[in-house]
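Undergrad: have a look; sequence and predicted model below, questions after that.
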Amino acid sequence: KNQVEQSPQSLIILEGKNCTLQCNYTVSPFSNLRWYKQDTGRGPVSLTIMTFSENTKSNGRYTATLDADTKQSSLHITASQLSDSASYICVVSDRGSTLGRLYFGRGTQLTVWP
Amino acid sequence: EADIYQTPRYLVIGTGKKITLECSQTMGHDKMYWYQQDPGMELHLIHYSYGVNSTEKGDLSSESTVSRIRTEHFPLTLESARPSHTSQYLCASSKRDISYNSPLHFGNGTRLTVT
């Protein structure tokens, strides 16, 4: 069964600290992995998209890694800010047909305290 | 910021009412999607469209219907709302099929409450 599991479910850190969010997936065949940030009351916003051949991709203070062999990804946030408080969603796309489909994780709720 | 717009942002209605959730995008994307999201849960695809006059049901069984008469407009209609329809509804669009690494652009959602 194709699934995306994220950990931890929630996380609290102090402003300025770093953190790493985890994503494990069983989606096959694999096409790409995405990380989205969803602020409360808003729609998700794309942070990174990685294909099979990409190990690392950065977007400002956000760095995503992908290990396609172990089917794991992480999102590292450096020097956290209050505005980083949000839900971070891992999404995996398959390529089982010409029309890909997306498998969503339940997200990690990050809270940054001053 | 977002070039995809959803109205209304919040809606509270009584059981049995007919409602239409609006979604419009100004990016000229052919691909559009409706997702349902409950707190702490993953997004579920309820409808999608790959172009004008093309609509398909998604993975989640839904009593809603959609139409795609214009590229930029993808409204979702509930003929008779029930409390089980209470949820957040997110509209999204993409330039290419998602298997081509095309990012999804989401609207800010409609929070629907059926009493």
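TA: Noted; the coordinates are in hand.

Undergrad: element containing the closest residue to residue B:76 other than its chain neighbours?
TA: Leaving out its chain neighbours, the residue that sits closest to residue B:76 by Cβ to Cβ, 6 or more residues apart in numbering or on different chains is residue B:21, at 4.6 Å. Where you see a C-beta, it was placed from the backbone N, CA and C, and this is true even at glycine. When secondary structure is defined using DSSP states H and E, the element that contains residue B:21 is strand B:19-25.

Undergrad: quick check: next helix or strand after that strand?
TA: Once the chain leaves strand B:19-25, the next helix or strand it forms, by DSSP H and E, is strand B:31-37.

Undergrad: is any residue of the next helix or strand after that next one near chain A?
TA: Going down the chain from strand B:31-37, the next helix or strand is strand B:44-51, by DSSP H and E. Yes. Strand B:44-51 reaches chain A (Cβ under 8 Å from any Cβ of the partner chain) through B:44, B:45, B:50.

Undergrad: most neighbours, which of these?
TA: Using other Cβ atoms under 10 Å in any protein chain shown as the neighbour definition, these reach their maximum at residue B:45, which records 19 neighbours.

Undergrad: next up, the contacts around that residue.
TA: For residue B:45, the contact set (Cβ atoms under 8 Å, 6 or more residues apart in numbering or on different chains) comprises A:101, A:102, B:33, B:34, B:35, B:58, B:59, B:60.

Undergrad: just residue A:11 next, same as before
TA: Residue A:11 neighbours (Cβ under 8 Å, 6+ apart): A:19, A:21, A:108, A:109, A:110, A:111.

Undergrad: next up, the contacts around the fifth one.
TA: Put plainly, it is residue A:110. Listed by Cβ under 8 Å, 6+ apart, the contact partners of residue A:110 are A:10-13, A:19, A:21, A:77, A:80, A:84-88.

Undergrad: so which of those residues are in strands?
TA: Secondary structure assignment (DSSP state E) places A:10, A:11, A:12, A:13, A:19, A:21, A:77, A:86, A:87, A:88 from the contacts of residue A:110 within strands.

Undergrad: want to throw those into a markdown table with pLDDT and distance to residue A:61?
TA: Converted to a markdown table, the ones in strands among the contacts of residue A:110 look like this (pLDDT from 0 to 100; distance: Cβ to Cβ, whole Å):
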| residue | pLDDT | distance to residue A:61 |
| --- | --- | --- |
| A:10 | 97 | 20 |
| A:11 | 97 | 16 |
| A:12 | 98 | 18 |
| A:13 | 98 | 13 |
| A:19 | 98 | 11 |
| A:21 | 98 | 13 |
| A:77 | 98 | 6 |
| A:86 | 98 | 13 |
| A:87 | 98 | 17 |
| A:88 | 98 | 13 |
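
Undergrad: no further queries at this time; thank you.
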